[in-house]
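In: Provide a 3D model corresponding to the input given below.
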Amino acid sequence: MKPPCDDAVIRSSTGISCNANAQRWILAATILGSSMAFIDSTVVNVALPALQSSLHANIVDVQWVVEAYGLFLGALILVGGSFGDVFGRRLMFVLGVSLFAIASAGCGLALTIDQLIIARSVQGVGAAFLVPGSLAIISASFDEKTRGQAIGTWSGFTAITTAIGPLLGGWLIQHASWRWVFFINLPFAALVVVISFWHIPESRSAAARRIDWLGAVVGTVGLGGLVFGFVESTNLGWRNPLVFGSVVVGIAGVVGFVFVESKVNSPMVPLALFRSRTFSGANLLTLFLYAALGIFFFLFPLDLIQVQGYSAFATGAAVLPLILLMFALSRWSGGLVARYGRRTPLIIGPLIAAAGFAMFVMPSIGSNYWKTFFPAIVVLGFGMAVTVAPLTTVVMSSVDQDHAGSASGINNAVARIASVLAIAVFGVVMVKAFDVRLRHELAHLRLPSDVLGEIHSRVTKLAGLELPPNLDERTASAIRSAIHHAFVFGFRLIMLLCAGLAAVSSAVAWLLR
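Out: Model (predicted):
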């Protein structure tokens, strides 16, 4: 899911009008660059089961594949925008694209899960420069008369590429290898770099602020500590000093970040913006709703591929209605605030999304997609379509124009960080629920103690759990069935929690004034 306020980032600053030929090349480069980051976020989730099997990874390792990218992107995206203002938007955009490409090659060549996680971390750093750089270049290259059309073109093409991405990725995984999900970035990155140097003029902000180095470091340490503690608690347990210490460092980092931002002259996150009740409420709504989306998009491909037996391509196609629905209804939903006020769409939209999440509780194993998952996807997509455009409007209207860029950037960062935290926290809940249910299912099979011990030692692999060798076919089939039912049990629990988060975000909107 693209975060809210991307369009708002572009609208929030002034620019000059380049000639028509240059503008076409600028749009081509920024669309390709942004699409690489958007596609990579969605395609990797479809690839998780394949790389889990290929690299013999457990669910904690798989979490880190997603979290490493999201952690550095979410923590550094505001810094990436500041770098562009100071050192040059084109320079930082090209640097981000190049770093993203190099890291993509590293991901594709990874021989171990640890190598893949390191490469994904570097990818996240590259994306933290790439994403705000592409938006800032559009802002700087189009004046107010041409910017609306540019935003429409950029939004339309990035939506299409985001929709095609999981299909293409699924096809590559199914017919080639999960490694090609990363290798495919290389030719696109090369094309973006060439276009950028030939056709995009360099630009900087005349009123660029100092870079908040201290805030960036403290914020990254705080977020990283929390994520590490929660994710590794599944493997090491909460009493492990490394886990407990990481959580303590994370909490201290978050508190320290707030203190630093209140003291520095050019804060990465101006805390004064949160004096607006509307701005604070909009970001709290974003935190809850995008947390639900984050864990959903992490677990849903695992359910479809490892439990329901879908191919990677079919899994990519399964979420396509949601993306297309949001794209088709974006213009309509943008007018809801003018027609009904800002509170009503933000109350109703998350409630519809909550109903969509709740509908994912119904499918069992082997359920027909069109009768179960498809209606839930449509309802969830409609709820998000009703929410996102009004949310962007509320964020932008809650602060004065001078702070519109900071406000939209903060809201984007909140959406990304919400996903990172949700996967860390709800991943622990999923593993625990899976373990409890699996023990209950296996209790009826009267398995030998050594077989039970071996199964329970691998519980962190969830539905990708490998069975002990030398089992007869009947016993193996019964154990596989137990594993699948345990995963469905955990998935249903998480979907109920997601529905609760969406409902809470609706309640937050109700309290807005």
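In: Just say helix, strand or coil for residue 420.
Out: helix (DSSP: H, G, I helix; E, B strand; the rest coil).
In: Spit out the contact partners of the spatially closest residue to it that is not a sequence neighbour.
Out: Of all residues not flanking residue 420 in the chain, residue 70 sits nearest, at 4.2 Å (C-beta to C-beta, 6 or more residues apart in numbering). Heads up, the C-betas are built off the backbone N, CA and C, glycines and all. Neighbouring residues of residue 70 by C-beta atoms under 8 Å, 6 or more residues apart in numbering: 41, 124, 294, 416, 417, 419, 420, 423.
In: ditto for residue 456
Out: By C-beta under 8 Å, 6+ apart, the contact list for residue 456 reads 435, 438, 439.
In: Give the buried subset of those as a PyMOL selection command.
Out: Listed next is the PyMOL selection for buried residues among the contacts of residue 456, using 16 or more other C-beta atoms under 10 Å:
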select buried, resi 435+438
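In: TSV please, covering the contacts of residue 456 and showing pLDDT.
Out: Formatted as TSV, the contacts of residue 456 follow (pLDDT from 0 to 100):
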residue	pLDDT
435	93
438	93
439	92
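In: got the contacts of residue 456 as a markdown table, with distance to residue 134 and secondary structure columns?
Out: Formatted as a markdown table, these follow (distance: C-beta to C-beta, whole Å; DSSP: H, G, I helix; E, B strand; the rest coil):
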| residue | distance to residue 134 | secondary structure |
| --- | --- | --- |
| 435 | 43 | helix |
| 438 | 45 | helix |
| 439 | 49 | helix |
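In: Adding distance to residue 370, write the contacts of residue 456 out as TSV.
Out: As requested, those are arranged in TSV below (distance: C-beta to C-beta, whole Å):
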residue	distance to residue 370
435	33
438	30
439	34
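In: Which of the contacts of residue 456 sits closest to residue 504?
Out: Nearest to residue 504 among these: residue 435, at 26.8 Å, using C-beta to C-beta.
In: ok, the closest one to residue 384 distance?
Out: Computed with C-beta to C-beta, to the nearest Å, the distance linking residue 435 and residue 384 is 32 Å.
In: Same question for residue 39.
Out: Distance of residue 39 to residue 384, given as C-beta to C-beta: 19 Å.
In: Could you name the helices and strands sitting against the helix or strand hosting residue 436?
Out: Using DSSP states H and E, the element containing residue 436 is helix 404-442. Judged by 3 or more C-beta pairs under 8 Å, 6 or more residues apart in numbering; DSSP states H and E, helix 404-442 is in contact with helix 6-11, helix 59-87, helix 213-236, helix 277-302, helix 373-397, helix 449-457, helix 473-511.
In: Now the helix or strand just after the shortest one: buried residues?
Out: What it means is helix 6-11. Downstream of helix 6-11, the next assigned helix or strand under DSSP H and E is helix 20-54. Within helix 20-54, the residues that qualify as buried are 23, 25-52, counting by 16+ other C-beta under 10 Å.
In: swap in stretch 306-325?
Out: 306-308, 310, 312-319, 321-323, 325.
In: Out of those residues, which sit inside helices?
Out: Using DSSP state H, the subset of the buried residues of stretch 306-325 located in helices is 312, 313, 314, 315, 316, 317, 318, 321, 322, 323, 325.
In: angle of the helix holding residue 436 against helix 449-457?
Out: If you take axes from the mean of the first three to the mean of the last three C-alpha atoms, to 10 degrees, helix 404-442 sits at 170 degrees to helix 449-457.
In: got the angle for the strand or helix carrying residue 162 vs helix 20-54?
Out: If you go by DSSP H and E, residue 162 is part of helix 144-175. Interaxial angle of helix 144-175 relative to helix 20-54 (the same axes, to 10 degrees): 30 degrees.
In: helices or strands up against helix 144-175?
Out: Checking 3+ C-beta pairs under 8 Å, 6+ apart, helix 144-175 ends up next to helix 6-11, helix 20-54, helix 113-141, helix 180-183, helix 312-318, helix 320-328.
In: Dump those helices to JSON lines, plus mean pLDDT.
Out: As requested, those are exported to JSON lines (pLDDT from 0 to 100):
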{"stretch": "helix 6-11", "mean pLDDT": "62"}
{"stretch": "helix 20-54", "mean pLDDT": "85"}
{"stretch": "helix 113-141", "mean pLDDT": "89"}
{"stretch": "helix 180-183", "mean pLDDT": "92"}
{"stretch": "helix 312-318", "mean pLDDT": "91"}
{"stretch": "helix 320-328", "mean pLDDT": "86"}
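In: out of those, which comes closest to residue 169?
Out: helix 20-54 (3.3 Å).
In: since we're on residue 270, how many residues are nearby?
Out: By other C-beta atoms under 10 Å, the residues close to residue 270 number 17.
In: Make sure it is actually in contact with residue 405.
Out: No. Counting by C-beta atoms under 8 Å, residue 270 sits too far from residue 405 to count as a contact (10.7 Å).
In: Can I get stretch 190-197 in CSV? Just the C-alpha atoms.
Out: This file holds the C-alpha atoms of stretch 190-197, laid out as CSV (Å, rounded to 0.1, in the frame of the first residue of the first chain):
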residue,chain,number,x,y,z
ALA,A,190,20.0,2.2,-15.0
LEU,A,191,17.4,3.9,-17.2
VAL,A,192,16.3,6.3,-14.4
VAL,A,193,19.9,7.3,-13.8
VAL,A,194,20.6,8.0,-17.5
ILE,A,195,17.4,10.1,-17.8
SER,A,196,18.1,12.0,-14.6
PHE,A,197,21.6,13.2,-15.7
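In: re earlier: Throw the helices and strands packed on helix 144-175 into a markdown table and include distance to residue 87, thanks.
Out: Shown next, in a markdown table, are the helices and strands packed on helix 144-175 (distance: least, C-beta to C-beta, whole Å):
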| stretch | distance to residue 87 |
| --- | --- |
| helix 6-11 | 18 |
| helix 20-54 | 17 |
| helix 113-141 | 10 |
| helix 180-183 | 28 |
| helix 312-318 | 37 |
| helix 320-328 | 34 |
